[in-house]
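>>> just to be clear, the model below is a prediction. Sequence and coordinates:
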Amino acid sequence: MIGYVTLGTNQYDKAAKFYDELFKTVGAGRIMEGDTFIAWGPNQTSPAVSIIKPFNGKPATVGNGVMVALVMDSRDKVDALHAKALKLGGKDEGAPGDRGNNFYAAYFRDLDGNKLNAFCMG
């Protein structure tokens, strides 16, 4: 089970705005924050996504093969989240569509290059 996923950022203020707007699309908002991190989710007991300035003070880097998958409850929400990510400056990594076995998904990268996926089953 996943409690939360943390993504490093080198553009803290821009990343904060990106995720504020992105997650607003699916009804999630900030649930926790400090001087170096912000976490978003639908509430404090659900899984969350956060950004952070790396603790060691070195630049954040993108993990090769790492992807954060965000479950949605409809294809419309998958489409909306993907479209919003691109509108906010994210990069397309795979347009919304059927991927087989009732798996509907869309892929994008945030402003720091972290790969995310929005999906629903059915």
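Nice, thanks for sending it over. Residues are numbered from 1 along each chain as shown.
>>> need the helices for this protein, in chain order.
Counting by DSSP state H, one finds helices in the chain at the ranges 12-24, 75-87.
>>> now the ones you listed in CSV, with mean neighbour count?
Bear in mind the C-beta positions are built from the backbone N, C-alpha and C, glycine included. Output for the helices of the chain, formatted as CSV (neighbours: other CB atoms under 10 Å):
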stretch, mean neighbour count
helix 12-24, 17
helix 75-87, 19
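>>> so which of those is nearest M32?
Minimum separation from M32 across the helices of the chain (CB to CB) falls at helix 12-24, 12.9 Å.
>>> sorry, back to before: which one of the helices of the chain lies closest to P54?
Judged by CB to CB, the one of the helices of the chain that comes nearest to P54 is helix 12-24, at 10.8 Å.
>>> my guess is R30 contacts E21, does it?
No - with contact defined as CB atoms under 8 Å, R30 does not count as touching E21 (11.9 Å).
>>> re earlier: export the helices of the chain to JSON lines and tack on mean pLDDT and distance to F55?
As requested, the helices of the chain are arranged in JSON lines below (pLDDT from 0 to 100; distance: least, CB to CB, whole Å):
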{"stretch": "helix 12-24", "mean pLDDT": "98", "distance to F55": "14"}
{"stretch": "helix 75-87", "mean pLDDT": "98", "distance to F55": "27"}
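>>> in CSV: these, plus distance to Q44.
Output for these, formatted as CSV (distance: least, CB to CB, whole Å):
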stretch, distance to Q44
helix 12-24, 14
helix 75-87, 21
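>>> can you tell me the average pLDDT over stretch 59-67?
What stretch 59-67 shows for mean pLDDT is 93.
>>> how close does the spatially closest residue to R75 that is not a sequence neighbour get to P47?
Nearest residue to R75 in three dimensions, chain neighbours excluded: Y104, at 5.2 Å (CB to CB, 6 or more residues apart in numbering). Here the criterion is CB to CB, to the nearest Å. By it, Y104 lies 20 Å from P47.
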